[in-house]
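*Asks:* predicted model and sequence follow; I will ask about them next.
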2 protein chains.
Amino acid sequence: MPPTIHDVARLAEVSIKTVSNVLNDYPHIRPATKQRVLDAIATLDYTPNLTARGLRSGRTGLVSLIIPDLRNAYFAELADIVVRAAEAQGLSVLIAQSNGDRERELSLLSGPRMQMVDGILFSALGLSAADNDLLARIRTPMVLLGERILDGPKDHVTMRNVEGTQAATEHLLSIGRRRLLAFGADPEQGTGSARLRLDGYRWALAGAGIAEDPDLVVRVVGWYRSTGAQSMRRLLERGVEFDGVVAFNDLIALGAMRVLQDAGLRIPEDVAVIGFDDVDETRYTLPTLSTIDPGREEIVEVALRWLTERIDGSAADLPPRDHLTAFRVLQRESTTPGGDGS
Amino acid sequence: MPPTIHDVARLAEVSIKTVSNVLNDYPHIRPATKQRVLDAIATLDYTPNLTARGLRSGRTGLVSLIIPDLRNAYFAELADIVVRAAEAQGLSVLIAQSNGDRERELSLLSGPRMQMVDGILFSALGLSAADNDLLARIRTPMVLLGERILDGPKDHVTMRNVEGTQAATEHLLSIGRRRLLAFGADPEQGTGSARLRLDGYRWALAGAGIAEDPDLVVRVVGWYRSTGAQSMRRLLERGVEFDGVVAFNDLIALGAMRVLQDAGLRIPEDVAVIGFDDVDETRYTLPTLSTIDPGREEIVEVALRWLTERIDGSAADLPPRDHLTAFRVLQRESTTPGGDGS
DNA sequence: ATGAAAGCGCTAACAT
DNA sequence: ATGTTAGCGCTTTCAT
C-alpha cells in the first residue's frame, strides 16, 4: 500500500489539512511546518493519489484526444503536439481511435470514460452536422478539430482548407501548369476537407479564367498512400493528360508520385505535384514534396487553450468559437522545375 | 451534475447496492428488479463515474504507454496497436512521451500520474540496466519494451534484433553483395538496438567468412530520416565503396536512399538497401524498401497479456519473464535486382 | 435476493 | 496558521 496523506500527517505531526495545504501550495503556512511536511513526504516517498483527488475535486487532469487513427502521419504528428502541449500544462492525454467510424465515435463520446476526463479534443470523421444535437448534449468540455462539423455547438479549430488549396493550385498555375488534377475529390461529399479543398481548387481556376475539366477531378476513396497510388494508376490507364497534381493530402500525393515515376514521368518536369499537410516525410522523399503547412502547432495551441478555458469556466458563457489557422505554401522540389539535383 | 448511482436507485426503488450489482452483473438478481434498474439507468442516461469506481476498487482501467515520441512512425504504429488491443479489453491508454530523455523517463515513472494507472508499458530509451534498482522499486505493474534494459526486474518483450539483422545481412549476401554497410551503428553503445543489430551484422559476415571492414561500419546519431541522409552524404564524400546497405531502421534507410539516388546511384542495381521495422511507408517508396518485420503485433499482444496478468495478480509470484517475437524478412524492390518496373 | 453502512484518499468548508 | 469534519460516487463486507 502506498503511503497516504494521513501517513505524511502522522510523521510530520500535523493534520492532513496542513499536508493538503502544502501539496496545493496554499500560501499561509509557517516555513518550519512546511519543511517538516516536505521532509515527511520525501522520507515516505509519498505521491498524491490522483484518483482520489479527481473524485473530490471533479478534475482528473486528463484530456481525451479522439482521432481516426495513429497510423496516419498527420494524426500521429498532431497527437505528438497535443501530448507535448498538454504535458506542459500538467495534463495527461488519453488517446482513443475511432477509425473514422460514426458508431465508434458515438460510443466513445457517450462512454463512461469520457466522464473521467476534464475535456475532449475531438477530430470527427464519422459524425456530421446532423449530429449537432447529440454533441450539444455532451457536458464534458470539448473542442472540435477538423472540418466534418463546421457550425457545431462547440468551439472549433481547424485549418484554412479552401484558401490553402487555392494557394496550392495558384502555385502550380504560377509555374505555368494548366491541366491540374484535383486529386482526392469526393463529389458526393457535401462537407469535409474533400469538399473544401475542391472549392479552393475551383476558386483558383476561376480566378485564372480556366474552365474546369471534369476529367481532371479525381476521386480518391480514403486518403492513404495506397489509395492515392491506386487512383493514379487508374487515371494513367484512362490516358487522361495533365501537367500538375493538386493532391488533397500528402499521403495520396506520395502514393501518386510513386506511380507517376514508375510510369516514367518525371517530377516536376512532366508533372508537378503539391500536397497538403506538411507531414514530416515530405522533406525526404524523392523529389521532396511541395505542400501546404496547415499550421498544426497553432491548431493545438488554440484548441488546448480554449479547452482549458472551458474547463476552468473562464469562457463559460461564450458562444461556440471558431478559429482558422494561418497556412504557408512550402515550395519544394516537386514543383521546382530546373531545380538542383533532382 | 450527472446522475449518480443514488439517483438510479431512487428511481428504480432499490438500494444502491442493487444498482451496483446490476452494473457489475452480479448473478443473483431477480430479473424484474434488474429490468427496473436497467430502465432507470436508461431514462436517466446514467453513466458510472469511473473515477469513483477507481478510487474504491483500486483499478482505473487506465494503462500508460511511455514512448520516446509519436513522430517516429515505428512508435506511432506501435501506439496504434496498443490502443486497439487495450480497447478490446476495456482499457484506455494514456500516452506519455519521453523524448528518449533519461530524466524525463524518471520523472514520468515516479510522477503521480503513474499512481493513477493500472499498468505501464515502458519503451525505455534513456534508462539503462544501471537503473534496475529504481525500476524494481516501482509498484505499478510494468512491462518493458525494447532493448535498452534486457535483464531488468520486470517482464520484457522485444524483437529479435540480432537474428533479424543477421537475416537482413544474409539476404544481401544471398543476392551477391559483398561490401555491406552496417548503417546506424553506434560503437560506443554497449547495449541497445544499435549494439544488437551490429552483432547480427557481424554474425552474418562471420558466417560467410567475410572480414569486417571498419570503414563500412557507419555511425548514425539518432535514427531519423534526416540523420540517415546526413550520414550517407558524409560517407559518399569520403568516397567509401559499397554495394549494399544494412540499415538499422527504416527511417535512416529512407534518408540514405534519398541521398544515394540524388548522387545518381541506382537502387538496387548499384546499391541494395534493406531496413528494419516494416514501417507502413516502406511499401510505397521508390523503390519499395526491403525490411525486417519485427512482429509488432506479437509484441503488443504478449506485452498486454503479461501486463494484465500482473495487474490481476494471476502472475503474481512469477519472476520477470522474457519474450522475443518472431520476425520475417520482407524482400521488396530495394533488394530485387532486375525486378519489375523500377 | 437485497439493504445498511463503512470507507477508498483526498479537498474544502468551517472552526479555532 | 492549523485542525475537524463532511462528503465526492462507488464497491464491498456484513446483515437480513
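*Replies:* Sure, I can see it.
*Asks:* so A:I5 versus DNA strand D, what's the distance?
*Replies:* Per CB to the nearest atom of the strand, to the nearest Å, A:I5 is found 10 Å from DNA strand D. The C-beta positions use only the backbone N, C-alpha and C, and glycine is treated the same way.
*Asks:* quick one, phi psi at that residue?
*Replies:* In terms of degrees, to the nearest 10, the main-chain angles of A:I5 are phi -60, psi -30.
*Asks:* and for A:P319, the neighbour number?
*Replies:* Neighbour count for A:P319, taken as other CB atoms under 10 Å in any protein chain shown: 8.
*Asks:* same thing with the one 5 residues further on?
*Replies:* Applying the criterion other CB under 10 Å, we find 18 residues in the vicinity of A:L324.
*Asks:* then A:I210?
*Replies:* So A:I210, with other CB under 10 Å, has 15 neighbours.
*Asks:* wasn't it part of a helix?
*Replies:* No: per DSSP: H, G, I helix; E, B strand; the rest coil, A:I210 lies outside any helix segment and is coil.
*Asks:* thinking it is in contact with A:L172, fair?
*Replies:* No: counting by CB atoms under 8 Å, A:I210 does not reach A:L172; the two are 11.1 Å apart.
*Asks:* give the contact list for A:V217.
*Replies:* By CB atoms under 8 Å, 6 or more residues apart in numbering or on different chains, the residues touching A:V217 are A:181-182, A:185, A:187, A:198.
*Asks:* excluding its backbone neighbours, what's nearest the residue nearest the centre of chain A?
*Replies:* Nearest residue to the geometric centre of chain A (CA atoms, centre = their mean): A:L78, 4.6 Å. Once flanking residues are discounted, A:L78 sits nearest to A:R296: 6.0 Å by CB to CB, 6 or more residues apart in numbering or on different chains.
*Asks:* quickly note the distance from the one you found to DNA strand D.
*Replies:* Relative to DNA strand D, and taking CB to the nearest atom of the strand, A:R296 is found at 37 Å.
*Asks:* and if you look at A:R36?
*Replies:* The separation that A:R36 has from DNA strand D, given CB to the nearest atom of the strand, amounts to 9 Å.
*Asks:* now do the SS call for that residue.
*Replies:* Following three-state DSSP, the label given to A:R36 is helix.
*Asks:* state the number of residues packed around the nearest residue to it once chain neighbours are set aside.
*Replies:* Excluding the flanking residues, the one nearest A:R36 by CB to CB, 6+ apart is A:A12, at 4.5 Å. Residues near A:A12, counting by other CB under 10 Å, number 22.
*Asks:* show the pLDDT at A:A12.
*Replies:* For A:A12, the pLDDT comes out at 88.
*Asks:* ok, now A:G341?
*Replies:* The model reports A:G341 with a pLDDT of 37.
*Asks:* go on, A:A316?
*Replies:* pLDDT, A:A316: 83.
*Asks:* again with A:H28
*Replies:* 78.
*Asks:* contacts only, for the residue nearest to A:L78.
*Replies:* Contact analysis of A:R296 by CB under 8 Å, 6+ apart lists A:77-78, A:81, A:159, A:278, A:325.
*Asks:* cutoff 7 Å now
*Replies:* The contact partners of A:R296, taken as CB atoms under 7 Å, 6 or more residues apart in numbering or on different chains, are A:77-78, A:81.
*Asks:* any chance of the residues you listed in a markdown table, with pLDDT and distance to DNA strand D too?
*Replies:* Below are the contacts of A:R296 laid out as a markdown table (pLDDT from 0 to 100; distance: CB to the nearest atom of the strand, whole Å):
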| residue | pLDDT | distance to DNA strand D |
| --- | --- | --- |
| A:E77 | 96 | 37 |
| A:L78 | 97 | 32 |
| A:I81 | 98 | 33 |
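*Asks:* specify which member of the residues you listed is nearest to A:E103.
*Replies:* A:L78 (22.8 Å; CB to CB).
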